[in-house]
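Undergrad: below is the sequence, then the predicted model.
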Amino acid sequence: MTIPPRLIEKLKSSERIVVFTGAGISAESGVPTFRGTDGIWTKMKPEELASFDAFMRNTGLVWEWYKHRKKIMQTVQPNAGHYAIAAMEKIFKQVSVVTQNIDNLHRRAGTTTVFELHGNIERNYCIGCGKPYPNEKILQSDSIPRCESCKGLIRPDVVWFGEMLPQDEWNASIHAAEFADVMFVVGTSAVVYPAASIPQVAKRAGAYMVEINIEPTELTRFADETLLGKAGEILPKIVEACKRI
Ligand code: BJW
Ligand code: ZN
């Protein structure tokens, strides 16, 4: 895949970059995606695992699933795609990452401005009193974790279906999108709202939208460029091409 010269031209005159990411950027790190042939939800139903109702009805099962994923995410490393995005900070005036991912890999790769729309799997809190709990404490035991202060249930600090997104992260993401010169949309099926509206906000405000995905998505028809291929291969090529200008 060669990077289209018109994209490099566009980047030459760009200062503010927003990178909107989904599970696909972490696929090459070994984190499973949700949808598609290898997605988690070809095997499990989202409504049975990723909602507050499911958590209350089936706390043991939901916790088992999250403990399993927490352990996977402790072993994975950022990939070339995450590192390429972090390297953009050396090229452009401002780079913001708006991610739907909960795996913390953008920060671990060195990106400084990350807005996490769906929470972070490294955090947990008590639903009774809000007290935060680190993963180490949760993963020590096989039982359902309870708060040491109020005995309330502890839950992972992620956003489930039917829940509001964290207000500060949302506002900051909208603000970044409204001022973006280029909006990269990387590795997302763009079917989960309101997150999927962020690229559209940027586009409506005049940003050039560049999609990177292994297949076309709901957003493809709105994109100015769609680069079909793996994020871990395409993003480093874009960064290399930008370094030469
Ligand atoms: C590669 C690649 C490689 C692979 N390189 N690419 C009906 C219509 C519209 C909306 C709704 C509706 N009914 C309900 C809703 C709202 C609902 C929603 O959007 N549902 C739709 C799915 C139908 N949204 C919500 O409920 C949200 N809250 C909300 O709306 O609040 C308002 C409200 C509250 C109360 C009352 C009323 C209103 C909350 C959504 C929370 C989503 N949470 C999850 C789980 C997080 C925790 C966890 O991980 O356990 O977030 S769901 C899951 O999907 C996760 C992801 O962040 C999110 C998006 O998935 P993503 O990242 O796009 O992954 P995939 O797998 O779908 O796609 C991967 C892509 O990568 C693919 O395109 C591949 O091709 C590509 N790829 N390898 C590049 N190497
Ligand atoms: Zn508590």
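TA: Cool, got the structure. Ligands and ions are numbered 1, 2, ... in the order given.

Undergrad: could you use CA atoms for every contact and neighbour count after this?
TA: Noted.

Undergrad: neighbouring strands - and their directions - for the strand ranked longest in the chain?
TA: Counting residues, the longest strand found in the chain (DSSP state E) is strand 119-126. Strand 119-126 has the following strand partners under DSSP bridges: strand 132-134 (antiparallel), strand 154-158 (antiparallel).

Undergrad: moving C-terminal of the first one, what's the next helix or strand?
TA: The one in question is strand 132-134. helix 135-139 (DSSP states H and E).

Undergrad: ok, back up a step: nearest to ligand 1, out of the strands paired with strand 119-126?
TA: Nearest to ligand 1, of all the strands paired with strand 119-126, is strand 154-158, at 5.0 Å by CA to the nearest ligand atom.

Undergrad: which residues are in contact with that closest one?
TA: Here strand 154-158 makes contact (CA atoms under 8 Å, 6 or more residues apart in numbering) with 66, 102, 118-127, 133, 145-147.

Undergrad: only alpha carbons, please: show the helix or strand bottoming out on mean pLDDT in the chain as PDB.
TA: Least confident element among the helices and strands of the chain, by mean pLDDT, DSSP states H and E: helix 46-49 (a mean of 80). Presented in PDB, the C-alpha positions along helix 46-49 are these (Å, rounded to 0.1, in the frame of the first residue of the first chain):
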ATOM      1  CA  PRO A  46     -23.000  -8.300  24.200                       C
ATOM      2  CA  GLU A  47     -26.200  -7.800  26.100                       C
ATOM      3  CA  GLU A  48     -25.400 -10.700  28.500                       C
ATOM      4  CA  LEU A  49     -22.000  -9.300  29.400                       C
END
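
Undergrad: packing partners of that helix?
TA: helix 52-57, helix 59-75 (3 or more CA pairs under 8 Å, 6 or more residues apart in numbering; DSSP states H and E).

Undergrad: same list, the strands paired with strand 119-126, but as JSON lines with mean pLDDT, distance to ligand 1 and mean neighbour count please.
TA: Shown next, in JSON lines, are these (pLDDT from 0 to 100; distance: least, CA to the nearest ligand atom, whole Å; neighbours: other CA atoms under 10 Å):
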{"stretch": "strand 132-134", "mean pLDDT": "97", "distance to ligand 1": "17", "mean neighbour count": "16"}
{"stretch": "strand 154-158", "mean pLDDT": "98", "distance to ligand 1": "5", "mean neighbour count": "22"}
